[in-house]
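**Student:** next comes the sequence, and after it the predicted model I'd like to discuss.
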Amino acid sequence: MSTTRDTIIAAATGVSIGMILLLISAGLISFHEHKYQSQIVNQITKFQYQVVQDVGEALTTLNALKVKTCDTKTLSAMQHALFTSRFLKQIGFSQNNQLICTTSQGLLAEPISLKTQPTFDTFRGPKIWVDETLPWIDKTVPVLIAQMGHFNVVVDRTYTSIFDIPESNWQAVHRIKGNVSHVYGQKNIFENLSGDNFQQKVSWERHYSQYCLAKLGYCGAVSRTTRQILSEHYRLTSILLLLVCAISYITRGCAARFIRSRRRSISRVKQGIGKKSYYNVFQPIVNLCNEQIIGCEVLSRFKDSKGEIYPNEFIPMIKKLNLTWPFTLHMYQSALKQLSRYELPAGFKIGFNIFPEDLDQEKMHQLYAISAPYISRFNINLELIEDEVLNTADAKAILTDLRNLGFSVSIDDFGTGYSNLSHLNRLSSDFLKIDRSFIYDIESTSLGSILVPQIHTMAKKVGMRCIAEGIENRAQLEQLKSIGVEFGQGWYFGKPAILNQFIKTVKEKQNQWIAQPRRILNIA
Ligand SMILES: Nc1nc2c(ncn2[C@@H]2O[C@@H]3COP(=O)(O)O[C@H]4[C@@H](O)[C@H](n5cnc6c(=O)[nH]c(N)nc65)O[C@@H]4COP(=O)(O)O[C@H]3[C@H]2O)c(=O)[nH]1
């Protein structure tokens, strides 16, 4: 059952990653297309502007001559204007809508009638005829004609082929006061999106861009279907698809392996108590005034034939498996047994982590029964992380009972999670363990350097003493001493170590405290 579920979860992870990568790839291709289209519409609109300039210049110059007939002087002026223009193919002279002469044919034997109604009127500029086929040029190629006064010019549209896009994908239009007239390209592409300058519309099927030079009324539009875009980038698309499939497949494999290893870890953690895979390590707790070891904190470690699992991994699993109490009992009993073999000074402080969810009358009586032989010899300190459970009236009553029975109580990791300075006076405890995140850079002008003195003052007010966690160097120690923090633990005094090494440290650092230890002599 769980194998099928794991396979589904691993496959779903692979597919999800694949989908995310596909979306990212689609986003990248779309971004690239956006840049490409904005360049093209810019080119189209600027091209129109340049053509208008060219046409305007030629027509204005010729009309300024104020000629009434097409003689050789007029023809030579027309030839000159054609020569100096960039986009014009031909210039003609007309009278009463009759074409009289052109730059290519000179004076016509028979005048040709011209259409009277233009495609659109630029009002201040020339009249424009779009897509006209002129029999005397080339019947098959439609041209654009502009007329002002007696002169008309034919624009060479072959220039539009400079746009790096097929004509079926773009359109150039003239838009003035909301009236849109087709100029070049593919009709019906321009969507007339409101607003000037650059506009865009993207959907799964299509990518559309338009750009308008608002004052002049010239707009360009480009539209390409997703299929066209993908087929243009077919190589990149295929590589991306392959990559996405490969990553998806690898992710599925990794997820399956991770789930399997986690299941294995959970089963190892579950069986660990019976198989004696847990063992205790001890970290010295020091009186900061004279730097003497006055006790220790008992911490758990896990090691079996497959290797180690660290507390940050196995503690949450123990909670999830509801094994907190058998685990704590195992650790508690074994540590007391281990330490009682040594003649440690009277009142030696032994700290145990207790899960807040285990704080009930029955379990605490069980703990007391186990502790009875040791409670007069050691100062057994129960360390609890402050959470909602600890703030209930029942929990407070239990804590008071425990203290009356001879245990001491510490609030652990103070300053993280749920813990709060204003709750301090409501907690029935002896010690406050200041979390190591506050100690980390206490010697500098950090948050810790401001908060630790405040925490210490508050704790003192409610009759609690502080234990600073995670002291790693002399500077931190000196700073804590100057604040007046009473106790501390950390790598500076000793890392959590197995019993033999811990006792060795105790002996090395404060030989005089251990009065004739039976086993220590063997270690030395
Ligand atoms: N960086 C740094 N770290 C330092 C220093 N001094 C001590 N530590 C680490 O700080 C942690 C202190 O324990 P904790 O706050 O009770 O936090 C403990 C405790 O909440 C939980 N835990 C460990 N063993 C037990 C156990 O037997 N029972 C329960 N209930 N919880 C346990 O797991 C947490 C992590 O335990 P550990 O990995 O052993 O990590 C320990 C210890 O190795 C230092 O100077 N620098």
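**Tutor:** All right, it came through fine. Numbers count the residues shown, from 1 in each chain.

**Student:** next one: stretch 210-221 to chain centre, how far?
**Tutor:** In terms of Cα atoms, centre = their mean, to the nearest Å, the centre of stretch 210-221 is found 38 Å from the chain centre.

**Student:** and that stretch, end to end?
**Tutor:** Stretch 210-221 has an end-to-end distance of 4 Å (criterion: Cα to Cα, to the nearest Å).

**Student:** in the sheet, who's paired with the closest residue to L339 other than its chain neighbours?
**Tutor:** Setting aside the residues directly before and after it, L339 is nearest to I350 in space (Cβ to Cβ, 6 or more residues apart in numbering), at 6.3 Å. All C-beta atoms are positioned from the backbone trio N, CA, C, and that covers glycine. With DSSP bridges applied, I350 shows beta-bridge pairing to C296, I380.

**Student:** thought I294 was touching I350, still the case?
**Tutor:** No: look at I350 against I294 with Cβ atoms under 8 Å: they stay out of range, at 10.6 Å.

**Student:** residues near whatever residue of the stretch 101-250 of the chain ends up closest to the ligand, how many?
**Tutor:** Residue nearest to the ligand within the stretch 101-250 of the chain: I250 (31.7 Å; Cβ to the nearest ligand atom). Residues near I250, counting by other Cβ atoms under 10 Å, number 12.

**Student:** mind checking the SS state of it?
**Tutor:** Counting by DSSP: H, G, I helix; E, B strand; the rest coil, the backbone at I250 sits in helix.

**Student:** with T445 instead?
**Tutor:** coil.

**Student:** over to it: give its phi and psi.
**Tutor:** T445 adopts backbone torsions of phi -80, psi 60, taken as degrees, to the nearest 10.

**Student:** picking that back up, so who does the residue nearest to L339 touch?
**Tutor:** Going by Cβ atoms under 8 Å, 6 or more residues apart in numbering, I350 touches 295-296, 298, 335-336, 339, 378-381.

**Student:** would you turn those residues into a markdown table with distance to H34, pLDDT and neighbour count?
**Tutor:** Shown next, in a markdown table, are the contacts of I350 (distance: Cβ to Cβ, whole Å; pLDDT from 0 to 100; neighbours: other Cβ atoms under 10 Å):
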| residue | distance to H34 | pLDDT | neighbour count |
| --- | --- | --- | --- |
| G295 | 67 | 96 | 25 |
| C296 | 65 | 97 | 30 |
| V298 | 62 | 98 | 24 |
| A335 | 66 | 97 | 22 |
| L336 | 70 | 96 | 21 |
| L339 | 70 | 95 | 21 |
| F378 | 72 | 94 | 20 |
| N379 | 71 | 96 | 17 |
| I380 | 69 | 97 | 24 |
| N381 | 65 | 97 | 23 |
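
**Student:** near the ligand, from these?
**Tutor:** Among the contacts of I350, no residue is within reach of the ligand (Cβ under 6 Å from any ligand atom).

**Student:** how about CSV for the residues you listed, with distance to D413 added?
**Tutor:** What follows is the contacts of I350, written out as CSV (distance: Cβ to Cβ, whole Å):
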residue, distance to D413
G295, 18
C296, 17
V298, 16
A335, 20
L336, 23
L339, 23
F378, 23
N379, 20
I380, 19
N381, 14
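
**Student:** between the residues you listed, which is nearest the ligand?
**Tutor:** V298 (6.4 Å).

**Student:** and the gap between that closest one and Q338?
**Tutor:** Relative to Q338, V298 is positioned 9 Å away (Cβ to Cβ, to the nearest Å).

**Student:** could you tell me which residues touch both of the two?
**Tutor:** Common neighbours of V298 and Q338 (criterion: Cβ under 8 Å, 6+ apart): N280.

**Student:** near the ligand, which residues of the stretch 301-450 of the chain?
**Tutor:** Checking the stretch 301-450 of the chain against the ligand by Cβ under 6 Å from any ligand atom, the hits are 311-312, 315, 331, 353, 355, 412-413, 436.

**Student:** restricted to helices, list these.
**Tutor:** Using DSSP state H to define helices, the subset of those located there is 311-312, 315, 331, 436.

**Student:** any weak-confidence spans in this structure?
**Tutor:** Counting by pLDDT under 70, the chain shows low-confidence ranges at 1-2, 123-124, 135-140, 159-162, 388, 417-420, 422, 510-524.

**Student:** who's in contact with the residue of the stretch 301-450 of the chain found nearest the ligand?
**Tutor:** Using Cβ to the nearest ligand atom, the single residue of the stretch 301-450 of the chain nearest to the ligand is N353, 3.3 Å away. Applying Cβ under 8 Å, 6+ apart to N353 gives the contacts 297-299, 328, 383, 412.

**Student:** which of the residues you listed are buried, as a PyMOL select command?
**Tutor:** In PyMOL syntax, the buried subset of the contacts of N353 is picked out as below (16 or more other Cβ atoms under 10 Å):
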select buried, resi 297+298+299+328+383+412
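
**Student:** looking at the contacts of N353, which are in strands?
**Tutor:** Residues of the contacts of N353 located in strands (DSSP state E): 297-299, 383, 412.

**Student:** closest to F163 out of these?
**Tutor:** The closest of those to F163 turns out to be D412 (Cβ to Cβ; 71.4 Å).

**Student:** now the farthest one out in the chain, which residue is it?
**Tutor:** Farthest-out residue of the chain from its mean C-alpha position, per Cα atoms, centre = their mean: A109, at 76.5 Å.

**Student:** where does that one sit: helix, strand or coil?
**Tutor:** Here A109 is strand, with the state taken from three-state DSSP.

**Student:** any idea how far N152 is from it?
**Tutor:** As judged by Cβ to Cβ, A109 and N152 stand 19 Å apart.

**Student:** contacting residues around the residue lying closest to H330 once chain neighbours are set aside?
**Tutor:** Leaving out its chain neighbours, the residue that sits closest to H330 by Cβ to Cβ, 6+ apart is I273, at 5.4 Å. Contact analysis of I273 by Cβ under 8 Å, 6+ apart lists 323, 326-327, 330.

**Student:** just among the residues you listed, which is most surrounded?
**Tutor:** Of the contacts of I273, with other Cβ under 10 Å as the count, F327 tops at 21 neighbours.

**Student:** quick check, that one in contact with S277.
**Tutor:** No: under the criterion of Cβ under 8 Å, F327 makes no contact with S277, lying 11.2 Å away.

**Student:** what ranges do the strands span in the stretch 101-250 of the chain?
**Tutor:** Ranges of strands within the stretch 101-250 of the chain are 106-113, 120-121, 127-132, 143-148, 151-155, 170-176, 179-185, 197-202, 206-213, 218-225, based on DSSP state E, counting those that start in this stretch.

**Student:** including distance to the ligand, could those go into JSON lines?
**Tutor:** Listed next are the strands of the stretch 101-250 of the chain as JSON lines, based on distance: least, Cβ to the nearest ligand atom, whole Å:
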{"stretch": "strand 106-113", "distance to the ligand": "95"}
{"stretch": "strand 120-121", "distance to the ligand": "78"}
{"stretch": "strand 127-132", "distance to the ligand": "78"}
{"stretch": "strand 143-148", "distance to the ligand": "78"}
{"stretch": "strand 151-155", "distance to the ligand": "78"}
{"stretch": "strand 170-176", "distance to the ligand": "64"}
{"stretch": "strand 179-185", "distance to the ligand": "68"}
{"stretch": "strand 197-202", "distance to the ligand": "50"}
{"stretch": "strand 206-213", "distance to the ligand": "53"}
{"stretch": "strand 218-225", "distance to the ligand": "57"}
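
**Student:** what would those strands look like in CSV with distance to V389?
**Tutor:** Shown next, in CSV, are the strands of the stretch 101-250 of the chain (distance: least, Cβ to Cβ, whole Å):
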stretch, distance to V389
strand 106-113, 100
strand 120-121, 81
strand 127-132, 82
strand 143-148, 84
strand 151-155, 85
strand 170-176, 69
strand 179-185, 72
strand 197-202, 53
strand 206-213, 57
strand 218-225, 61
